[in-house]
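Q: Sequence and computational prediction follow.
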Amino acid sequence: NQANGKQTTHQGQLDKDKNKGNGKNRFFVGGRKKEGKSKTNGQSSGLGMEGANYHKYPVTNDYRISRKVLGVGINGKVVECEHRRSGEKYALKVLRDVPKARREVDLHSAASGHSHVVKVVDVYENTYNDVQCLLVVMESMKGGELFTRIQQRGQQAFTEREGASIMYDICSAVQHLHRQNIAHRDIKPENLLYTDENENASLKLTDFGFAKKTDESDPNGLATACFTPYYCAPEVLGAEKYDKSCDLWSIGVVMYILLCGYPPFYSAHGQPMSPGMKAKIRTGQYTFPSPEWDCVSEAAKDLIRKLLKTDPSQRYTIQQTMEHKWITHYKKVPDTPLFTTGILNEQKEHWGEMQEEMEKNLASMRVVNENVQIKNLAESNNRLLQKRKQQQLKPADVITEA
Ligand code: ADP
């Protein structure tokens, strides 16, 4: 794999530099610390975990910054840069140094050791015109977004087995995150990028701008989440499970689009249902329309149903998803040609609206959780919790129980 090869080259160079003992390279490569403390500036993001290793010297000591823009996001541009010694190309994301950005960088770095998560190679804190910035050097993803690639396939039909293989990769990345108690909370097509344009390129998850550590202690102490059942049955699910369940909903949506070329909660392909869309999502009204779903396996539909449950307490966890036969036996899924490429092309002009719709839904799920009313356990009349209290469980057990 090309990207891995490059990573290795850079890693080799870094190791050589380290051996020279120039003291400059407390590098953090591939999510693993090479040496030194994780924090060099005494500032803590309060994560209670290893954060990124922030270099204080100028990024330009190590990298040549190019004018080539690789992409534009809500927080600014991502540009190409070149490692001075190895000549390897990387992507550079510049963020204003605010606590939210530190959270993004720390969580992305912590998750970045997985083969399906974009690697964070180096992080710098530099000041430009009195503005403190974080500069994140990542592996460069030259293969573009997931659905663009499927859309551009031409005559060769995209098959259900290929879909299962892609979903296996995405799910294994999410499993890696959830095991570390990190919820991504923004899994959507634009954040799934390919390493390069080769046929065997890897798909990787990026943009940890909304990621959240799910096992941080609650500032209100002994508390549980109690909120109106909009997406969630109250009290059944702790805040930490709710955050993770967002990611499973996203996985369901991505899987649905992969298998037909349009999102669920959409009228027969063509008309986005903006006014009624929220109600549709709330009540879980989606179907598997004919003819595009006729040839799709029952196992795939079964998994989608379990991921798109409106009540997060009923929704599959990442562990259950990894154990579902469509994922475990992804290599044996039928090699049926799908309608996906054709429909993605027909729907090109609606793609922006579909992205916006998914974005809005993810945003409202995050808001539901942020607005969660915290009720003291003592005040809660939830039967399950009462039972736990009687069993004299420690408060942490109630909050963090997986
Ligand atoms: P934001 O958090 O501001 O939305 P993103 O991290 O999503 O920023 O990046 C914005 C865009 O930059 C992406 O949509 C993508 O096109 C491009 N991009 C991001 N990371 C990389 C990367 N590692 N390699 C190549 N392009 C990237």
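A: Good, I have the coordinates.
Q: How about the residues of the stretch 151-300 of the chain by the ligand?
A: Contacts of the stretch 151-300 of the chain with the ligand, taken as C-beta under 6 Å from any ligand atom, map to 190, 206-207, 209. All C-beta atoms are positioned from the backbone trio N, CA, C, and that covers glycine.
Q: Max pairwise distance over these: which two?
A: Glu190 and Gly209 (11.6 Å; C-beta to C-beta).
Q: Comparing the two, which residue is more hemmed in?
A: Comparing Glu190 with Gly209 by other C-beta atoms under 10 Å, the one with more neighbours is Gly209, at 20 against 17.
Q: Now that one: closest residue in space, sequence neighbours ignored.
A: Glu104 (5.1 Å; C-beta to C-beta, 6 or more residues apart in numbering).
Q: about what we covered before: restricted to helices, list the residues of the stretch 151-300 of the chain next to the ligand.
A: Residues from those lying in helices, with DSSP state H as the criterion: none.
Q: Out of those, flag the one nearest to Leu303.
A: Using C-beta to C-beta, Glu190 comes nearest to Leu303 of these, at 23.0 Å.
Q: I'd assumed Met358 was in contact with that closest one.
A: No: here Glu190 lies out of contact with Met358, judged by C-beta atoms under 8 Å, at a distance of 9.2 Å.
Q: Leu135 belongs to a helix?
A: No: secondary structure of Leu135 (DSSP: H, G, I helix; E, B strand; the rest coil): strand, not part of a helix.
Q: who touches the closest residue to it other than its chain neighbours in this structure?
A: In space, and not counting its chain neighbours, Leu135 is closest to Tyr124: 4.3 Å by C-beta to C-beta, 6+ apart. Shown in contact with Tyr124 (C-beta atoms under 8 Å, 6 or more residues apart in numbering): 54-59, 134-135, 137.
Q: Ok, Ala101 next?
A: Contacts of Ala101 by C-beta under 8 Å, 6+ apart are 75, 95, 134.
Q: With respect to the ligand, which of the residues you listed is nearest?
A: Asn75 (3.4 Å; C-beta to the nearest ligand atom).
Q: Look at that closest one and say how many residues are nearby.
A: Number of residues near Asn75 (other C-beta under 10 Å) recorded here: 15.
Q: Need the pLDDT of it.
A: You'll see Asn75 listed with a pLDDT of 79.
Q: Would you confirm that it contacts Leu95?
A: Yes: with contact defined as C-beta under 8 Å, Asn75 and Leu95 form a contacting pair (5.7 Å).
Q: can you tell me how far Glu216 sits from Phe210?
A: 15 Å (C-beta to C-beta, to the nearest Å).
Q: Neighbour count for those two, which is higher?
A: Per other C-beta under 10 Å, whichever of Glu216 and Phe210 has more neighbours is Phe210, with 20 against 16.
Q: Just list the residues touching that one, thanks.
A: Contacts of Phe210 by C-beta under 8 Å, 6+ apart are 184-186, 362, 366.
Q: bridging residues for Val137?
A: Leu92, Asp122 (DSSP bridges).
Q: Quick check: it vs the ligand, distance?
A: 9 Å (C-beta to the nearest ligand atom, to the nearest Å).
Q: tell me which of the contacts of Phe210 is nearest to Gly144?
A: Nearest to Gly144 among those: Asp186, at 18.3 Å, using C-beta to C-beta.
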